[in-house]
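J.: give me the fold of what follows.
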Amino acid sequence: MADIRPFFCIRPCREKADKIAALPYDVYNRKEAKQAVAGNPDSFLNIDRPETQFPDDVDLYDERVYQKAHDMLWAQIADGSFVRDDKKCYYIYELTMHGRTQTGIVACASIDDYENQVIKKHENTRAEKEADRIRHVDVCNAQTGPIFLAYRSDETIRRAVAEAASQEPVYDFVSEDGIRHRVFAVCDDERIESVLKAFGAMQSIYIADGHHRAASAVKVGLKRRKEHPGYTGEEEFNYFLCVLFPDDQLMIMDYNRVVKDLNGLTEEEFLEKAGSIFEVKKIDRQERVPKKKGDFSMYLGGGWYRCSVKAEDLPADPVKSLDVSLLQDLLLEPVLGIHDPKTDERIDFVGGIRGLDELERRVEGDCAAAFAMYPTDIFELFAVADAGLLMPPKSTWFEPKLRSGLFIHALDE
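T.: Predicted structure coming up:
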């Protein structure tokens with residue numbers, strides 16, 4: 001049963017919330033992060049990417065970098081930029097993008113639920129990416145970026161969220177990318193208890209996004225347990241910061257592919273091979289968005305083609321039946337020789353937020369062909385995780401992104 005608890009939140013003062021809130025650390029490279037924080041001293045990206053405070057010749061993983069994150073965080077807490085709650089509460093985090101709203105509960109999840117697979121993952125993590133966040137969390141003594149979790153919609157939670165969201169918001173602002181962020185507090189004991197019990201009845205919760213942040217937070221918790229052999233399980237380091245969204249509110253966008261070359265084939269030869277695998281039809285540009293599972297659109301030689309997987313090629317396996325798997329297994333590997341999309345430099349991935357014009361731009365620039373995918377469904381994600389399997393890389397693109405800096409969970413409260 002899931003243990004999803006309220007917590008003592010550290011959060012921005014109302015006047016600075018919109019200035020502090022920042023996109024997650026991992027949507028930037030070092031150069032982009034440095035540009036983003038220039039002239040923005042309040043942005044939480046300064047703390048999430050503390051290498052921005054150093055010359056470029058300082059190593060990303062230098063101990064001074066992590067200590068700088070700690071010092072900036074706790075200095076801002078001391079100077080009143082952040083406030084510390086004196087009661088454990090849940091928070092409601094509402095994001096509105098292009099007129100569409102999704103509402104999650106900010107809470108802390110048990111590291112034991114992660115270890116025991118009550119909280120289920122669908123991606124592998126890389127040790128070097130984990131190591132960075134482990135050190136960041138451990139040195140800061142706080143989790144600063146929430147993990148994006150999903151659960152099967154529950155009426156008790158829906159009602160509690162709706163009641164809380166009818167109150168005066170703690171924050172209400174529009175970020176520079178046009179997304180509206182509203183936050184509400186759930187501090188009423190009766191409402192807290194109802195949410196706690198509703199999550200406690202759930203058999204499974206799923207990591208939607210933030211696998212490296214989750215793995216890192218858990219490993220810091222396990223490290224702290226070794227350092228405190230008399231731990232009771234109630235200490236804050238036994239829990240990690242998360243925002244949980246119901247399945248019926250989530251939007252997964254397409255995660256598209258571009259390839260640098262055609263593996264020695266001409267465009268005509270490649271199109272012929274594709275036609276022997278899929279049902280291929282030339283389409284107008286306005287038809288380029290795939291309409292259903294098993295269809296993807298291919299941009300080649302200045303034109304768009306609809307490629308439909310043949311019924312006999314649709315497997316029952318929850319991973320092999322994903323559209324990204326079908327493209328990889330039927331075309332990219334056997335025809336283009338792309339055996340491992342995680343490491344092959346001949347393939348690149350384009351998040352759906354960039355739009356299909358970006359695919360055309362890439363093909364007219366440095367690529368030979370592009371593939372617009374039909375988005376992975378949240379229930380496909382659940383099925384893969386429930387089966388204990390892993391999705392191929394770059395299978396899902398979630399929007400809108402959760403902001404860092406709005407909610408902080410200290411590990412020694």
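J.: mind listing what's buried along stretch 194-203?
T.: 194, 195, 196, 198, 199, 202 (16 or more other C-beta atoms under 10 Å). All C-beta atoms are positioned from the backbone trio N, CA, C, and that covers glycine.
J.: any idea how far the residue lying closest to residue 118 once chain neighbours are set aside is from residue 313?
T.: Counting by C-beta to C-beta, 6 or more residues apart in numbering, residue 2 is the residue found nearest to residue 118 once chain neighbours are left out, at 5.5 Å. From residue 2 across to residue 313, the span is 37 Å (C-beta to C-beta, to the nearest Å).
J.: the two: which has the busier surroundings?
T.: residue 2 (20 against 14; other C-beta atoms under 10 Å).
J.: against residue 146, how distant is that one?
T.: From residue 2 to residue 146 the distance is 16 Å (C-beta to C-beta).
J.: and if you look at residue 302?
T.: 43 Å.
J.: tell me which of the two has more neighbours.
T.: residue 146 (29 against 9).
J.: the more buried one contacts residue 405, correct?
T.: No. Distance between residue 146 and residue 405: 10.2 Å, which falls outside the contact criterion (C-beta atoms under 8 Å).
J.: pLDDT at residue 413, what is it?
T.: At residue 413, the model reports a pLDDT of 58.
J.: in stretch 294-311, which residues are buried?
T.: Those would be 294, 295, 296, 297, 298, 299, 300, 304, 305, 306, 307, 309, for stretch 294-311 by 16+ other C-beta under 10 Å.
J.: which outside residues touch it?
T.: Outside stretch 294-311, the residues within contact range by C-beta atoms under 8 Å, 6 or more residues apart in numbering are 267, 270-271, 274, 278-285, 287-290, 314, 323, 326-327, 330, 356, 359-360, 363, 368-374.
J.: can you list the low-confidence ranges for the stretch 51-200 of the chain?
T.: Along the stretch 51-200 of the chain, the model assigns pLDDT under 70 to no residue.
J.: can you give me the helices for it?
T.: With helices called from DSSP state H, counting those that start in this stretch, the stretch 51-200 of the chain shows them at 63-78, 111-115, 127-140, 155-164, 189-200.
J.: buried ones in the first one?
T.: Think helix 63-78. Neighbour-count burial for helix 63-78 [16+ other C-beta under 10 Å]: 65, 66, 68, 69, 70, 72, 73, 74, 76, 77.
J.: tell me the contacts of the second one?
T.: To tie it back to what came earlier, the one meant is residue 66. So residue 66 contacts 50, 135, 136, 139, 140 (C-beta under 8 Å, 6+ apart).
J.: if we use 7 Å, what do you get?
T.: 50, 135, 136, 139 (C-beta atoms under 7 Å, 6 or more residues apart in numbering).
J.: repeat that for the third one.
T.: With contacts taken as C-beta under 7 Å, 6+ apart, residue 68 has the following neighbours: 50, 53.
J.: hmm, back to that, tabulate the contacts of residue 66 in CSV, adding columns for distance to residue 81 and neighbour count.
T.: Converted to CSV, the contacts of residue 66 look like this (distance: C-beta to C-beta, whole Å; neighbours: other C-beta atoms under 10 Å):
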residue, distance to residue 81, neighbour count
50, 16, 27
135, 23, 17
136, 19, 25
139, 19, 19
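J.: what about residue 79, distance to residue 412?
T.: According to C-beta to C-beta, residue 79 stands 20 Å off from residue 412.
J.: same question, residue 121
T.: From residue 121 to residue 412 the distance is 27 Å (C-beta to C-beta).
J.: neighbour count: those two, which is higher?
T.: residue 121 (19 against 9).
J.: how about the more buried one: what's its closest non-neighbour residue?
T.: Per C-beta to C-beta, 6+ apart, closest to residue 121 is residue 207, 4.9 Å.
J.: tell me if the one you found really is in a strand.
T.: Yes. Counting by DSSP: H, G, I helix; E, B strand; the rest coil, residue 207 is part of a strand.
J.: hang on, it packs against residue 125?
T.: No. Between residue 207 and residue 125 there is no contact under C-beta atoms under 7 Å: 10.3 Å.
J.: these two - which one has more neighbours?
T.: Using other C-beta under 10 Å as the criterion, residue 207 and residue 125 rank with residue 207 on top: 23 against 15.
J.: settle this for me: residue 70 is touching residue 138, isn't it.
T.: No. Counting by C-beta under 7 Å, residue 70 stays clear of residue 138, with 9.6 Å between them.
J.: still on that earlier bit, do you know how far the residue nearest to residue 121 is from residue 108?
T.: 15 Å.
J.: and the residue lying closest to residue 285 once chain neighbours are set aside, how far is that from residue 4?
T.: Closest residue to residue 285 apart from its sequence neighbours, by C-beta to C-beta, 6+ apart: residue 304 at 5.9 Å. Applying C-beta to C-beta, the value for residue 304 to residue 4 is 45 Å.
J.: which ones are touching the residue most central in space within the chain?
T.: Closest residue to the average C-alpha location of the chain: residue 209 at 2.9 Å, with C-alpha atoms, centre = their mean. Going by C-beta under 7 Å, 6+ apart, residue 209 touches 148, 398.
J.: do the same with residue 134
T.: By C-beta under 7 Å, 6+ apart, the neighbours of residue 134 are 216, 219, 220.
J.: select from these the one having the most neighbours.
T.: Result: residue 216 is most packed of the contacts of residue 134 (other C-beta under 10 Å), 26 neighbours.
J.: so that residue touches residue 137, yeah?
T.: Yes. Between residue 216 and residue 137 there is a contact under C-beta under 7 Å: 6.1 Å.
J.: on that earlier part again, mark which of the contacts of residue 134 are part of strands, please.
T.: Among these, none falls in strands (DSSP state E).
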